[in-house]
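Undergrad: Need the 3D shape of this:
(chains A and B)
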Protein chains: 2
Amino acid sequence: MNNDWEADIQTLLNNTRIAFLSTQGDKSPETSMCPYAVFQDDVVLHLSALAKHSKNIQQHTQVGLMICSPETPDKSPLALPRLSFTGHIETVPEAEQADYQKAYLQSIPDAEPLFSFPDFTLYRIQPLSVSWVGGFGKARKIPLETWKSLC
Amino acid sequence: MNNDWEADIQTLLNNTRIAFLSTQGDKSPETSMCPYAVFQDDVVLHLSALAKHSKNIQQHTQVGLMICSPETPDKSPLALPRLSFTGHIETVPEAEQADYQKAYLQSIPDAEPLFSFPDFTLYRIQPLSVSWVGGFGKARKIPLETWKSLC
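TA: Numbering: from 1, shown residues only, chains lettered A, B, ... in the order given. Now for the predicted structure:
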């Protein structure tokens, strides 16, 4: 790791557990909040079929996602470091579910009981584009190879 | 105000300064982070023409937006109170800009220097739908009349 921004991305991933998902609804894009994990180089989500985002991704599998440093009173809301993705969301194949579940629960242990709920499904997003904003005016595209090296 | 959830919505609005905007990009919805204010019953944003979301809303004015309690180590990421909107985004008309700017700067004083940057524009979203999640499994639609009474 040669750059400050690579270390900053890893700090963000280490210190956050929620992401903001954009899905295409009937009339407009919609934002929802989802706990997340990273496994291999996928973003892993565990979504309820009862939630609107699950209905939306049945129709449109292209999604956007943001992971953002939490706001605090002492930080400027203009300069919060954040990572954004676009990609295709799909259910995790049966044969890989145990590994993805384990990785997800390492990040989100509170979700353990939800794995016995029949309406919850594990999904993965394989990023097609990754962008980083390190502060006000500090934006850059992250090559997918770099993203993979950070996971 | 008769309900706990109405008080909880006002607490969320009082304690947060950032929102997560969903816009329609060329290939997929995209999430971005924007400082926000509420004025009258509109959500007010101040966006740079250089940012991807500004390009997106030139093509598609229907957007989604979420305001979420910041994550902290002691709160479950499954249960963070959050408010989501869909609506149409538009530039604030010239004659109303002074009032909207004043309201925005009351919430986001750090943005004051940006009002002299030529690429920044004030936008407003008039909500078409509002939903509230007060915790795990506690979701409800908020009638627009109720939203207006909370602003």
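Undergrad: burial count for the residue nearest to A:Ser76 when sequence neighbours are not counted?
TA: Once flanking residues are discounted, A:Ser76 sits nearest to B:Asp110: 4.7 Å by C-beta to C-beta, 6 or more residues apart in numbering or on different chains. Placement of C-beta: from N, CA and C, glycine included. By other C-beta atoms under 10 Å in any protein chain shown, the residues close to B:Asp110 number 15.
Undergrad: for B:Asp110, what are its contacts?
TA: A:Ser76, A:Pro77, A:Leu78, B:Pro35 (C-beta atoms under 8 Å, 6 or more residues apart in numbering or on different chains).
Undergrad: Could you look up the SS state of the first one?
TA: The local conformation at A:Ser76, judged by DSSP: H, G, I helix; E, B strand; the rest coil, is coil.
Undergrad: so the residue nearest to A:Ser76, which of the three states?
TA: Reduced to three states by three-state DSSP, B:Asp110 is helix.
Undergrad: how much space is there between it and A:Arg82?
TA: From B:Asp110 over to A:Arg82 the distance is 16 Å, taken as C-beta to C-beta, to the nearest Å.
Undergrad: looking at the contacts of B:Asp110, which has the most residues close by?
TA: Highest neighbour count within the contacts of B:Asp110, by other C-beta under 10 Å: B:Pro35, with 23 neighbours.
Undergrad: Wait, it touches A:Pro77, no?
TA: Yes - with contacts counted by C-beta atoms under 8 Å, B:Pro35 reaches A:Pro77, the gap being 4.3 Å.
Undergrad: Pull up the overlap in contacts between the two.
TA: Here B:Pro35 and A:Pro77 have B:Arg17, B:Ile18, B:Ile108, B:Asp110 as joint contacts, going by C-beta under 8 Å, 6+ apart.
Undergrad: per-residue confidence at the third one?
TA: Right, the one you point to is B:Ile108. We have a pLDDT of 98 for B:Ile108.
Undergrad: just the second one next, same as before
TA: Each residue has a pLDDT score; the one for B:Ile18 is 98.
Undergrad: Show me which strand runs longest in chain A.
TA: Longest strand in chain A by number of residues, with DSSP state E as the criterion: strand A:120-133.
Undergrad: Among the shared contacts of B:Pro35 and A:Pro77, which one lies nearest to A:Ser149?
TA: Nearest to A:Ser149 among these, counting by C-beta to C-beta, is B:Ile18 at 29.0 Å.
Undergrad: which residues in chain A form helices?
TA: A:4-15, A:52-59, A:97-107, A:144-150 (DSSP state H).
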